[in-house]
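A.B. asks: need coordinates for the following:
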Amino acid sequence: MSEDAPVRVMVLIKGLGVGGAERLLERAIPYLDRRRYAYQVAYLLPWKNALVPAFEQAGIPVHCLSMRRAADWGVLSRLAGLLRRERVDLVHAHLPVPGVLARLIRRRSGARWLVYTEHNVPSRYRLPTRLLNAATYRANDAVIAVSQEVATRVQRYVRGGRPRVVTIPNAIDADELAGQAGSREAVCREFGFPPDARVVVHVANLVPKKGHRYLLAAARRVIDHEPRARFLLVGLGPLAESLAAEARRLGLNGQVVFTGFRPDAVALMGAADLVVLPSVHEGLPLTLLEAMALGRPVVASRVGGVPEVVRSGETGVLVEPMDVDALASQILTLLGDATLRERLGEGARQQVRRRYGMAQMVAAVEDVYRQVRDR
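C.D. replies: Numbers count the residues shown, from 1 in each chain. You can find the predicted model right below:
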């Protein structure tokens, strides 16, 4: 590779669906330094492909490795072959499975450098992933942690100063988001809510770590005290049927609506009186930054990197995870105090604009690429 040739970067991720990590990559596209870095993307799961057109339209080649089951070990050979054919210089892997695969085939891939982004607290992964991390983590040249809490937890895998761990928070484009906010009146019409409804929105995949069961229990208590409250739960996932059954059991029909996937999730958050994130564990959720950038007050669990962004009483409200009483109490407090909602929402908007810009994040990531090359 000549000094003037762009570094050939392969971004490796589990899927290109609509999860937080995937959307983060898509929104980074306009900020990439395409003169210094020639980007490609590879993903594992063929059915998670909603964002493929966004990369292709930007001129970024996309490769599907067609991993159809957990024990598809042939994906290792397919990945190594792809990296050799494309003469990749640097692999940037996101999420645990792609990270482990990239480390396992590193020596036969031809790639000279490996960067990995840790999006969550590693101790929360399943036992096989934790064991593979322990065995392979030092094959990373650098690890990007999405919060300081994640960076601290990653240190258990560091030996002899390797890999180097850098904290680079997730980011958003606040100006782009501001233009996507929906109207509260339109949301009430669409979902059949009364005009004076108090709308609470939660955007997340329907998986255990997102805390939907605790939110449903809290919603029952909130509605008992504030009958105008309505809850929109936006997202898809394996818990869809069981959560809907739980909502029916709690008598929340019509008051809690499961919307499924919504491409306008940002608009729904922008139209809400309040956004909630009752997660059991997190890294630094993108929906949190989006809600704050829209000036929405948030009630969020004190987990992972969330307290690094939400200063309780200034830019939102924090509650302990799985604490239904506290979650319901804080939702009620905010729904009953428009002045407090406005103050917290404005504090949130200013905080995110000041510290979590997409241009800053991409520049910091590409600086990590430069540092691993120069070592």
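A.B. asks: tell me who's in contact with Arg108.
C.D. replies: When the contact criterion is Cβ atoms under 8 Å, 6 or more residues apart in numbering, the partners of Arg108 are Ala80, Arg84. Where you see a C-beta, it was placed from the backbone N, CA and C, and this is true even at glycine.
A.B. asks: element containing it, please.
C.D. replies: helix 106-109 (DSSP states H and E).
A.B. asks: please enumerate the strands of the stretch 51-200 of the chain.
C.D. replies: Listed in chain order, the strands found in the stretch 51-200 of the chain under DSSP state E, counting those that start in this stretch are 62-64, 90-94, 113-118, 142-145, 164-167, 198-203.
A.B. asks: can you report phi and psi for Tyr39?
C.D. replies: Tyr39 has phi and psi values of phi -90, psi 140 when expressed as degrees, to the nearest 10.
A.B. asks: start at 18 instead
C.D. replies: With the count now opening at 18, the last piece we talked about shows up as Tyr56.
A.B. asks: doesn't Pro23 make contact with it?
C.D. replies: No: counting by Cβ atoms under 8 Å, Tyr56 sits too far from Pro23 to count as a contact (9.0 Å).
A.B. asks: which residues does the helix or strand of the chain with the lowest mean pLDDT contact?
C.D. replies: None of the helices or strands of the chain scores lower by mean pLDDT, DSSP states H and E than helix 191-195, at a mean of 84. If you take Cβ under 8 Å, 6+ apart as the criterion, helix 191-195 is touched by Arg44, Val283, Gly287, Glu307, Ala310, Leu311, Arg366, Val369, Arg370, Gly374.
A.B. asks: with stretch 329-339 instead?
C.D. replies: If you take Cβ under 8 Å, 6+ apart as the criterion, stretch 329-339 is touched by 228, 231, 295-298, 309, 314-320, 323-324, 326-327, 343-344, 347, 350-351, 361, 364-365, 368.
A.B. asks: quick one: Glu202 from Asp213, how far?
C.D. replies: 11 Å (Cβ to Cβ, to the nearest Å).
A.B. asks: likewise for Glu73?
C.D. replies: Computed as Cβ to Cβ, the Glu73 to Asp213 distance reads 45 Å.
A.B. asks: of those two, who's got more company?
C.D. replies: A direct count of neighbours by other Cβ atoms under 10 Å for Glu73 and Asp213 places Glu73 higher, at 12 against 7.
A.B. asks: shouldn't the more buried one be in contact with His80?
C.D. replies: No: proximity of Glu73 to His80 does not meet the contact threshold set by Cβ under 8 Å, at 11.1 Å.
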